[in-house]
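Colleague: Give me a model of this one.
(2 chains)
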Protein chains: 2
Amino acid sequence: MVNWFSRKGKRVEVPRLRPRSESEPTTKVDLVELTPDLLTFLGKAAYLQLTIFENLGSAIASAPTTDAKELLARVAALSLAKHHGLTAEIRRHGEEPGAVMEPFTADIDAFQATTRGGDWSEELVACHITAGFLDDFFVRLAAGLPADYATRVTTVLRADSGSDLLAEEIRGVIDDDEKLASRLAMWGRRLVGDTMLIARSTLASSANSLSDEERIEPVFTELIASHTRRMDGLGLTA
Amino acid sequence: MVNWFSRKGKRVEVPRLRPRSESEPTTKVDLVELTPDLLTFLGKAAYLQLTIFENLGSAIASAPTTDAKELLARVAALSLAKHHGLTAEIRRHGEEPGAVMEPFTADIDAFQATTRGGDWSEELVACHITAGFLDDFFVRLAAGLPADYATRVTTVLRADSGSDLLAEEIRGVIDDDEKLASRLAMWGRRLVGDTMLIARSTLASSANSLSDEERIEPVFTELIASHTRRMDGLGLTA
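Modeller: Model prediction:
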């Protein structure tokens, strides 16, 4: 298990860091040998994406302003398009999305329940942080899919998910409220922990758990670095 | 006010009528002179469509099976596409959708609260019945918009809203459960009442309320006829 809390305490709590670019290049480390079979990948990724969409739907319903509702509806459309891009690949493989997603629903529903957020600002941060991490993760993992699927799935996952819109909305909500910023920073740490657990559960394991661990660790280190940039982009300490 | 309950008692309660075709042609009666100004039309139609989408989102979250979730996600995408088709027209007119929808949110939020549905089957029926009626209504009303808007808005409103998918799902839920069928039939009557009220509130009124009434009545009679076909399609008595 990656000990993602070991970084705690090493950083100074500065609520309003200057955002670094989220598109900063990172060295790509390989997860290919831990990519699960195609349908496990697609079923899990599609259902997680549906969950993210559901969370956006809930954030739309509870949005405090009509402008916010409208902005979130645009994000939700992008999220739903990703879900449908993934279910289209399931159908292309001759399977029904419902049946393929079914085995993963219990775990993912539990993930959804723990990452829901207690109020609107937490809901927004949850949508942004979990979607960002999972997109990064599944893009890495997609490299191990059969070549034609790998190409198309990567295109789907790399498509705009509205993260800039969400980030801007979140920055507007925080708006120099240091108390809220530190609550949301804490929330972000919980979210990344839960998101990493659900991501890890997608990995196939080989007979050699030690070599698996060696393969996983650097990848998750990079995913955490991207997560940190995402939190920086919100003005929050990761 | 159209007395839409006057039909009550004239029909025999037969829970499983043979569906008539929903595409049955109807004589088009004119609402053109009661079409409100462009931004009122677009703001109200766009926010109602967003509300329908929110209701679908809620139905997705509470769907009892993964198949149902997946089907509803397809319907939600169509619903969201309609909302965005309408907000695109608001932007084309140089306005921001949030600001244009704002004046109508209080009434429509109240409409949403009364038409939400107490359980999943009621939620599904609400999405189907309110969306069907409002699409019909706004298509009629769109004829009175400036010509170029009228054409584009009508195309948006006539686009597939997934009603066949919803109707099939609802028939599956009812599945010869006569008790549920009669509860949902009752629910459908409440829904059409509330939907007619919110629709009517969109109409511009002239100085002559008597001639307005003469204009409105035959249109609503037709809209109710379409509603009745929609209920028939579910195997429910309107």
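Colleague: Contacts only, for A:Leu42.
Modeller: Shown in contact with A:Leu42 (Cβ atoms under 8 Å, 6 or more residues apart in numbering or on different chains): A:86-87, A:89-90, A:93, A:100, A:153. The C-beta positions use only the backbone N, C-alpha and C, and glycine is treated the same way.
Colleague: Let me see the ranges of the strands in chain A.
Modeller: Applying DSSP state E to chain A gives no strands.
Colleague: Point out the residues in it that sit beside chain B.
Modeller: A:47, A:50, A:53-54, A:57-58, A:60-61, A:65-71, A:73-74, A:76-77, A:80-81, A:83-84, A:87, A:96-99, A:101-102, A:105 (Cβ under 8 Å from any Cβ of the partner chain).
Colleague: Quick one: buried ones out of these?
Modeller: Among the residues of chain A next to chain B, those classed as buried by 16 or more other Cβ atoms under 10 Å in any protein chain shown are A:47, A:50, A:53-54, A:57-58, A:60-61, A:66-71, A:73-74, A:76-77, A:80-81, A:83-84, A:87, A:97-98, A:101-102, A:105.
Colleague: So which of these are in helices?
Modeller: Among these, the members falling in helices (DSSP state H) are A:47, A:50, A:53-54, A:57-58, A:60-61, A:66-71, A:73-74, A:76-77, A:80-81, A:83-84, A:87, A:97-98, A:101, A:105.
Colleague: Just give me how far the helix or strand of chain A with the lowest mean pLDDT sits from the chain centre.
Modeller: Sorting the helices and strands of chain A by mean pLDDT, DSSP states H and E puts helix A:209-233 at the bottom, at a mean of 90. Relative to its parent chain, helix A:209-233 has a centroid offset of 13 Å by Cα atoms, centre = their mean, to the nearest Å.
Colleague: Quick check: mean pLDDT of stretch A:165-178?
Modeller: Averaging pLDDT along stretch A:165-178 gives 94.
Colleague: Can you name the residues in contact with it?
Modeller: Against stretch A:165-178 from outside (Cβ under 8 Å, 6+ apart): A:15-16, A:68, A:71-72, A:74-75, A:120-121, A:124-125, A:127-128, A:180-181, A:184, A:230, A:233-236.
Colleague: at 10 Å what do you get?
Modeller: A:13, A:15-16, A:19, A:22, A:56, A:59, A:63-64, A:67-68, A:71-72, A:74-75, A:78, A:120-121, A:124-125, A:127-129, A:131-132, A:162, A:180-181, A:183-185, A:230, A:233-236 (Cβ atoms under 10 Å, 6 or more residues apart in numbering or on different chains).
Colleague: Could you pick out the buried ones from those residues?
Modeller: Neighbour counting by 16+ other Cβ under 10 Å classes A:15, A:56, A:59, A:63, A:67-68, A:71-72, A:74-75, A:78, A:121, A:124-125, A:127-129, A:131-132, A:162, A:180-181, A:183-185, A:230, A:233-236 among those as buried.
Colleague: what comes up buried for the least confident helix or strand of chain A?
Modeller: A:212, A:215-216, A:219-220, A:222-224, A:226-233.
Colleague: ok, which pair from those is furthest apart?
Modeller: Greatest spatial distance among the buried residues of helix A:209-233 (Cβ to Cβ): A:Asp212 and A:Gly233, at 31.5 Å.
Colleague: Leaving out the residues flanking it, which one is nearest to the residue in chain A that chain B sits nearest to?
Modeller: Chain B sits closest to A:Gly57 of chain A, with a gap of 2.8 Å, by Cβ to the nearest Cβ. Distances taken as Cβ to Cβ, 6 or more residues apart in numbering or on different chains put B:Gly57 closest to A:Gly57, at 2.8 Å, once the chain neighbours are dropped.
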